[in-house]
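Asks: here are the coordinates; sequence isn't available:
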């Protein structure tokens, strides 16, 4: 099966700085990579995703990059704010791949991001 | 996205008893999943809830312990049977619509077993 590694496990930054979280995956057939933000006591929220036919995707202050050759993808948050403090999870999935369960997500272990004011 | 609700939001149960958790979606979805999230941990997939047929369980999870029903395209239940303190966790359902890769989570059910 798929194995998703996520680093770092904790990340502290000053407000206004950038934060980068990195994930690697093992199965070259994976083709969909979402990122979730989970605030304390809340459900995971999908914040951005990328498909394997795209190298980068941006949405305001967040961006995700994908390197298929190296099998890694990263979340970039610029101009961080205290409200960005949360646990972030990366995941990988095989969509439309024969024999795979549609939507079956393999999650990383999570990164606790703390943004200090 | 989808509007997903879960009942109950939390419960405290005695060991040896069972609890059924409900997941309701505001419109038809293709896929429904059940996850477990222990404190400070990542999400672990329990099973895929299949409409009209038996759920597909992940390694380490069995139907006798976690029976799942999905009678239609908007509703599913997960039962945690013969509970022990090790079952204390947050249980979340998630859904995917037919036209999207995107997976959305319910608010979760916080279960404490004493």
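Replies: Alright, I've got the coordinates. Everything numeric in this text was worked out from a predicted model, so none of it was measured.

Asks: what's near enough to touch residue B:73?
Replies: For residue B:73, the contacting residues are B:28, B:29, B:30, B:51, by C-beta atoms under 8 Å, 6 or more residues apart in numbering or on different chains. Every C-beta, even on glycine, is put in place using the N, C-alpha and C of the backbone.

Asks: give me the subset of the residues you listed touching chain A.
Replies: Counting by C-beta under 8 Å from any C-beta of the partner chain, residue B:30 from the contacts of residue B:73 sit close to chain A.

Asks: now the contacts of residue B:73: which count as buried?
Replies: Taking 16 or more other C-beta atoms under 10 Å in any protein chain shown as the criterion, what is buried in the contacts of residue B:73 is B:29, B:51.

Asks: let me have the contacts of residue B:73 in CSV, adding distance to residue A:36, secondary structure and pLDDT as columns.
Replies: Output for the contacts of residue B:73, formatted as CSV (distance: C-beta to C-beta, whole Å; DSSP: H, G, I helix; E, B strand; the rest coil; pLDDT from 0 to 100):
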residue, distance to residue A:36, secondary structure, pLDDT
B:28, 23, coil, 88
B:29, 18, coil, 87
B:30, 19, coil, 84
B:51, 25, coil, 85
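
Asks: for chain B, what spans make up the strands?
Replies: Secondary structure of chain B (DSSP state E): strands located at B:4-7, B:10-13, B:19-25, B:31-37, B:44-49, B:56-57, B:68-72, B:75-80, B:89-96, B:103-105, B:109-113.

Asks: out of the ones you listed, nearest to residue A:83?
Replies: Residue A:83 lies closest, by C-beta to C-beta, to one member of the strands of chain B: strand B:103-105, at 19.6 Å.

Asks: now do that closest one, average pLDDT.
Replies: Taken as a whole, strand B:103-105 carries a mean pLDDT of 95.

Asks: and for that strand, what are the contacting residues?
Replies: Residues from elsewhere that reach strand B:103-105, judged by C-beta under 8 Å, 6+ apart: A:34, A:36, A:43-46, A:103, A:105, B:1-2, B:4, B:31, B:33, B:35, B:92-96.

Asks: Provide a ChimeraX selection command restricted to the buried entries of those residues.
Replies: Buried residues within the contacts of strand B:103-105, by 16+ other C-beta under 10 Å, are selected in ChimeraX with:
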select /A:34,36,43,44,46,103,105 /B:2,4,31,33,35,92,93,94,95,96
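
Asks: output the strands of chain B in CSV, with distance to residue A:15 appended to each entry.
Replies: Shown next, in CSV, are those (distance: least, C-beta to C-beta, whole Å):
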stretch, distance to residue A:15
strand B:4-7, 33
strand B:10-13, 33
strand B:19-25, 37
strand B:31-37, 28
strand B:44-49, 33
strand B:56-57, 44
strand B:68-72, 44
strand B:75-80, 40
strand B:89-96, 30
strand B:103-105, 28
strand B:109-113, 31
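
Asks: contact residues of chain A facing chain B?
Replies: Proximity of chain A to chain B is confined to A:32, A:34, A:36, A:42-46, A:49, A:51, A:89, A:93, A:95, A:101-105, A:107-110 under the rule C-beta under 8 Å from any C-beta.

Asks: so which of the residues you listed are in strands?
Replies: Counting by DSSP E, those contribute A:32, A:34, A:36, A:45, A:46, A:49, A:51, A:89, A:107 to strands.

Asks: and of the strands of chain B, who's closest to residue A:76?
Replies: strand B:103-105 (21.8 Å).

Asks: partners of that closest one, with directions?
Replies: Its sheet considered, strand B:103-105 pairs with strand B:89-96 (antiparallel) by DSSP bridges.

Asks: ok, and what's touching the partner strand?
Replies: Identification of contacts with strand B:89-96 by C-beta under 8 Å, 6+ apart yields A:43-44, A:102-103, B:2, B:4, B:6, B:21, B:23, B:25, B:29-39, B:43, B:46, B:49, B:76, B:78, B:80, B:102-111.

Asks: having no further points to raise, I will conclude here.
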